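Undergrad: what shape does this take:
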Amino acid sequence: MQRPIQFIASISVAMLGFANPAAANKVFVSNERGNTITVIDSDSWEAIAEFPGGNRPRGIGVSPDGKYLYVCASDDDTIRVFDTETYEEVWTLPSGPDPELFTIHPTGELLYIANEDDNLVTVVDTQSRTVVAEIPVGVEPEGMAISPDAAFVINTSETTNMAHFIDTSDYQIKHNILVDQRPRYAVYTDDGTKLFVSSEIGGTVSVIDPLAANGPELTTKIGFEVAGVQPEWLQPVGMKVTADNKWLFVALGPANRVAVIDVESLEVVDYILVGQRVWQMEFTPGQEFLITTNGNSNDVTVIDVARQKAVKSIQVGQQPWGVAVTPE
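TA: Purely as a prediction, here's the structure:
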């Protein structure tokens, strides 16, 4: 059932005075405590709308064609699907209980969803809107990633402290890699040669070689140190890698920093000060900018990727969690 749009912001595109509104990308931010989605225009970097996102919206993503916004409504036990132009809810997808994060197959036909409370990864067909498979994994699954060739889906399980390699052809776990405590997020380099897994309580990022001769293997771990910041505040969560495989950006939670890591040397080269309790991140399509969600300051930070500098803060809803951007 479609829901009426509420809370649409009074700022219209015309009032913002865009020279070419169609050229802008939309940034969608899920507000976990506010139960809303904030929409930001990437030309003006102004919030242009806000609409209901279901109960406790967290993981969020846009279909490859840019038409649909998928939102993990965790307390509704469903994926809510919205039109990215009208913000109307068009349908829901079965998700399993307490969906938190998902990854999308490159074709857009499948969602791979982490069900935190049920220790499952649910595979959903976005066309038929049916469950294709339910895959038992470790305790409290959260992070989800898909390999560049779409051969494997990675799930990280917070309590089991593992990264599970799920074969997308038969939905069987083929490899398990032990990482540090409370793994939150996983991300591949675009060339598929490295997989990074962030461990929030362990305070590290594990570097995995997914192409090792005898199967994926842990090669090293990256730690963090910021002057004046207590070590227990350095909690790696969301991550993004640039398409040229040069830079890894890591959100450090209550440290209010984003770490910048040289992917080749695996050295931390800088820390970017952002808002309070930085959580998830997403690039604009050309990767000129990186947007972070800051849960305790109720804002997002815009980072200039080339300069590796924060350039803008934008107020959004209550406790922003996830962020997604429409493609070109």
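
Undergrad: from here on, just use CA atoms for contacts and neighbour counts.
TA: Will do.

Undergrad: pretty sure Arg33 sits against Arg56.
TA: Yes. Checked against CA atoms under 8 Å, the pair Arg33 and Arg56 is within contact range at 6.1 Å.

Undergrad: of those two, give the one with the bigger neighbour count.
TA: Legend: neighbour count by other CA atoms under 10 Å for Arg33 and Arg56, higher for Arg56 (23 against 16).

Undergrad: quick check: closest non-adjacent residue to the more buried one.
TA: Once flanking residues are discounted, Arg56 sits nearest to Glu32: 4.7 Å by CA to CA, 6 or more residues apart in numbering.

Undergrad: tell me how far that neighbour lies from Trp321.
TA: Glu32 sits at a distance of 6 Å from Trp321 (criterion: CA to CA, to the nearest Å).

Undergrad: overlap in contacts of the two?
TA: The overlap between the contact sets of Glu32 and Trp321 (CA atoms under 8 Å, 6 or more residues apart in numbering) consists of 57-58.

Undergrad: the two: who's more crowded?
TA: Trp321 (28 against 24).

Undergrad: using the three-state scheme, assign the more buried one.
TA: When the structure is split into helix, strand and coil by DSSP: H, G, I helix; E, B strand; the rest coil, Trp321 lands in strand.

Undergrad: return the distance of it relative to Leu93.
TA: As for Trp321, its distance to Leu93 is 20 Å (criterion: CA to CA).

Undergrad: ok, now Glu142?
TA: With distances taken as CA to CA, Glu142 is found 18 Å from Leu93.

Undergrad: just the mean pLDDT for stretch 146-158, thanks.
TA: If you average the pLDDT over stretch 146-158, you get 97.

Undergrad: could you list the residues in contact with that stretch?
TA: For stretch 146-158, the external contacting residues (CA under 8 Å, 6+ apart) are 103-106, 112, 114, 121, 137-145, 162-169, 181-188, 190-192, 197.

Undergrad: again with stretch 103-118
TA: Taking CA under 8 Å, 6+ apart as the rule, stretch 103-118 contacts 63-64, 95-102, 120-127, 139-146, 150, 153, 155.

Undergrad: separate out the buried members of those residues.
TA: When neighbours are counted using 16 or more other CA atoms under 10 Å, the contacts of stretch 103-118 contain these buried positions: 63-64, 95-102, 120-126, 139-146, 153, 155.

Undergrad: state the helix or strand in which Trp279 lies.
TA: Counting by DSSP states H and E, the element that carries Trp279 is strand 278-283.

Undergrad: could you say what helices and strands the helix or strand just after that strand packs with?
TA: Counting by DSSP H and E, the element after strand 278-283 in chain order, helix or strand, is strand 289-294. In this structure, strand 289-294 makes packing contacts with strand 278-283, strand 299-304, strand 320-325, judged by 3 or more CA pairs under 8 Å, 6 or more residues apart in numbering; DSSP states H and E.

Undergrad: so which of the ones you listed is the most packed in?
TA: Per-stretch averages of neighbours, counted by mean count of other CA atoms under 10 Å, single out strand 320-325 among the helices and strands packed on strand 289-294, with a mean of 28.

Undergrad: tell me the strands beside that strand, with direction?
TA: strand 26-31 (antiparallel) (DSSP bridges).

Undergrad: residues of the partner strand that come out buried?
TA: Judged by neighbour count (16+ other CA under 10 Å), strand 26-31 contains these buried residues: 26-31.

Undergrad: quick one: contacts of stretch 272-279?
TA: Outside stretch 272-279, the residues within contact range by CA under 8 Å, 6+ apart are 237-238, 251-260, 292-297, 299-301, 308-310, 313, 321-322.

Undergrad: buried residues in the host helix or strand of Gly61, which are they?
TA: Using DSSP H and E, the element containing Gly61 is strand 57-62. Buried residues in strand 57-62, counted by 16+ other CA under 10 Å: 57-62.

Undergrad: okay if I get those as CSV plus pLDDT and distance to Thr219?
TA: Output for the buried residues of strand 57-62, formatted as CSV (pLDDT from 0 to 100; distance: CA to CA, whole Å):
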residue, pLDDT, distance to Thr219
Pro57, 98, 35
Arg58, 98, 31
Gly59, 98, 29
Ile60, 98, 30
Gly61, 98, 30
Val62, 98, 32
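
Undergrad: low-confidence ranges in this protein?
TA: Per-residue confidence of the chain (counting by pLDDT under 70) places the weak regions at 1-23.

Undergrad: the helices in it, which residues?
TA: In the chain, the helices defined using DSSP state H lie at 13-16.

Undergrad: which residue lies nearest the spatial centre of it?
TA: In the chain, the C-alpha nearest the mean C-alpha coordinate belongs to Gln280, at 5.4 Å (CA atoms, centre = their mean).

Undergrad: that residue and Arg184, how far apart?
TA: From Gln280 to Arg184 the distance is 10 Å (CA to CA).

Undergrad: who are the contact partners of the residue nearest to Arg129 when sequence neighbours are not counted?
TA: The spatial neighbour of Arg129 that comes closest, neighbours along the chain excluded (CA to CA, 6+ apart), is Leu93 at 5.6 Å. Listed by CA under 8 Å, 6+ apart, the contact partners of Leu93 are 78-81, 124, 126, 129-130.
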